[in-house]
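Colleague: sequence unavailable; structure follows:
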């Protein structure tokens, strides 16, 4: 195997496939990146649950395959001069040369590398990278980190009635992002949060398409010259619609950014969110936001449009802030049905997103 390739092209590909390399590999070969010099250069990282492959242009002078240690190889390429890099494999060793810099490192047998499975498409749909990236941004923060409730460590992807929804919840909050689709396809699958995080990093804010392919217990995302193959999470996702109240006693319309900034300031005092929640006191067309802890207190108010009754309620400010940060709208609607019921954040028009946050009991 012998190839010539620009440093930045190789580095970009290595950076992406490294995201699938496990922190603690069960097999030494899984600590490596699989290199395949054919018509183009293909790089693969795989940890069984998640596989990422990249195909890039290179001057292939001699075909071949090899596996190189991911961390070492990545650091070598990163430190190389910004010029043409030569990779040459001979007797299991890889010679990496760039200008006057030369490295010789041991390779691993490519035949022992477990490549991501070959799949046949059962169902596929295409949408823009920009749209999918935004939908992931609006939901990924609400994924649970509790492995004892594994189904909640993933994001539900649901397609029905010409709409695509992503849903994440962790027991304290829920995030839903929804958009119309031209295809009328039925799909309901749960994708690991790690996969969605790595996909988010790979996607660009452009109108170019990403292809989503479902087959068996796998989901595949094809983005230009990159392919992400992931196992889905077995089990039945919660009936999330059942958590959304049908009626509300209090509903307010308020400026999103201004409310977020108020909560950020209140959170400076309420550093222990569980012990010292912030209080929202809705009185007429004013919301008074109070924060008090052993270190001090803060209070301020914001003008709103109140379409219901008055209410005093407490929250972990971080849960509200996480939701507000991913909203681009100037104004939003927040609805409540009691002091112990969830807050539901929606747009003024449409149903592109919905955030549900459970309150914290407070002393009146």
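Modeller: Looks like it came in fine. These numbers were taken from a predicted model, which means no experiment stands behind them. Numbering: from 1, shown residues only.

Colleague: for residue 69, see how far away residue 103 is.
Modeller: To residue 69, residue 103 is 12 Å away according to CB to CB, to the nearest Å. (Each C-beta comes from the backbone N, C-alpha and C, glycine too.)

Colleague: of these two, give the one with the bigger neighbour count.
Modeller: When residue 103 and residue 69 are compared for neighbours, residue 69 comes out ahead with 20 against 15, by other CB atoms under 10 Å.

Colleague: what sits against the more buried one?
Modeller: Contact analysis of residue 69 by CB atoms under 8 Å, 6 or more residues apart in numbering lists 31-32, 105-106, 108.

Colleague: what about the helices in the chain?
Modeller: Counting by DSSP state H, the chain has helices at residues 7-17, 70-79, 129-137, 193-202, 256-267, 317-325.

Colleague: which stretch among those comes nearest residue 168?
Modeller: Ranking those by proximity to residue 168 (CB to CB) places helix 193-202 first, at 7.6 Å.

Colleague: chain neighbours aside, what residue packs nearest to residue 126?
Modeller: The shortest distance from residue 126 to any residue other than its chain neighbours is 4.7 Å, reached at residue 209 (CB to CB, 6 or more residues apart in numbering).

Colleague: what sits up against stretch 77-94?
Modeller: Applying CB under 8 Å, 6+ apart, the contact partners of stretch 77-94 are 1-8, 10-11, 14, 35, 62, 64, 66, 68, 73, 95-99, 101, 104-107, 109.

Colleague: okay, which residue is most central for this protein?
Modeller: Centre of the chain computed as the mean C-alpha position; nearest residue by CA atoms, centre = their mean is residue 197, 3.0 Å away.

Colleague: for that residue, which residues are in contact?
Modeller: Taking CB under 8 Å, 6+ apart as the definition of contact, the neighbours of residue 197 are residue 140.

Colleague: one more time with 10 Å, if that's ok
Modeller: Under the criterion of CB atoms under 10 Å, 6 or more residues apart in numbering, the contact partners of residue 197 comprise 19, 136, 140, 143, 155.

Colleague: isn't the third one right up against residue 192?
Modeller: Read that as residue 140. No. Counting by CB atoms under 10 Å, no contact exists between residue 140 and residue 192, whose distance comes to 11.1 Å.

Colleague: which neighbours do these two have in common?
Modeller: With contacts taken as CB under 10 Å, 6+ apart, the residues that reach both residue 140 and residue 192 are residue 155.

Colleague: where in this structure is pLDDT low?
Modeller: Applying pLDDT under 70 to the chain flags the ranges 272-274, 364.

Colleague: 80 - rerun?
Modeller: Scanning the chain for pLDDT under 80 picks out 119-123, 270-276, 363-364.

Colleague: how many residues are close by the closest residue to residue 152 other than its chain neighbours?
Modeller: Ranked by CB to CB, 6+ apart and with sequence neighbours excluded, the top spatial neighbour of residue 152 is residue 144, at 3.8 Å. Look at residue 144: counted by other CB under 10 Å, it has 19 neighbours.

Colleague: now residue 234
Modeller: The criterion is other CB under 10 Å. On that basis, residue 234 has 9 neighbouring residues.

Colleague: distance of the closest residue in space to it that isn't next to it in sequence from residue 187?
Modeller: When the adjacent residues along the chain are set aside, residue 234 lies closest to residue 217, with 7.1 Å between them (CB to CB, 6+ apart). The gap separating residue 217 from residue 187 is 13 Å, by CB to CB.

Colleague: which residues touch residue 209?
Modeller: Under the criterion of CB under 10 Å, 6+ apart, the contact list for residue 209 reads 126-129, 131-132, 222-224.

Colleague: what's around residue 343, how many residues?
Modeller: Per other CB under 10 Å, the neighbour tally for residue 343 reads 25.

Colleague: correction: residue 112
Modeller: Here the count is done by other CB under 10 Å, and residue 112 has 11 residues near it.

Colleague: what residues are up against it?
Modeller: Residues near residue 112 by CB under 10 Å, 6+ apart: 27-29, 32, 67.

Colleague: which of the residues you listed has the most neighbours?
Modeller: Most neighbours among the contacts of residue 112, by other CB under 10 Å: residue 32, with 26 neighbours.

Colleague: quickly list what that residue is bridged to.
Modeller: Per DSSP bridges, residues listed as beta-bridge partners of residue 32: residue 69.

Colleague: wait, it sits on residue 67?
Modeller: Yes. Under the criterion of CB under 10 Å, residue 32 makes contact with residue 67 at 4.0 Å.

Colleague: mutual contacts of the two, please.
Modeller: Common neighbours of residue 32 and residue 67, counting by CB under 10 Å, 6+ apart, are 44, 73, 107-108, 110, 112-113.

Colleague: output these in TSV; the columns should cover distance to residue 328.
Modeller: Converted to TSV, the shared contacts of residue 32 and residue 67 look like this (distance: CB to CB, whole Å):
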residue	distance to residue 328
44	36
73	40
107	48
108	47
110	46
112	48
113	43
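
Colleague: out of these, flag the one nearest to residue 344.
Modeller: Using CB to CB, the shortest approach to residue 344 within the shared contacts of residue 32 and residue 67 belongs to residue 44, at 43.3 Å.

Colleague: so what's the closest one up against?
Modeller: Each residue near residue 44 by CB under 10 Å, 6+ apart is listed here: 17, 20, 32-36, 51-55, 67, 110, 113-116, 227, 229.
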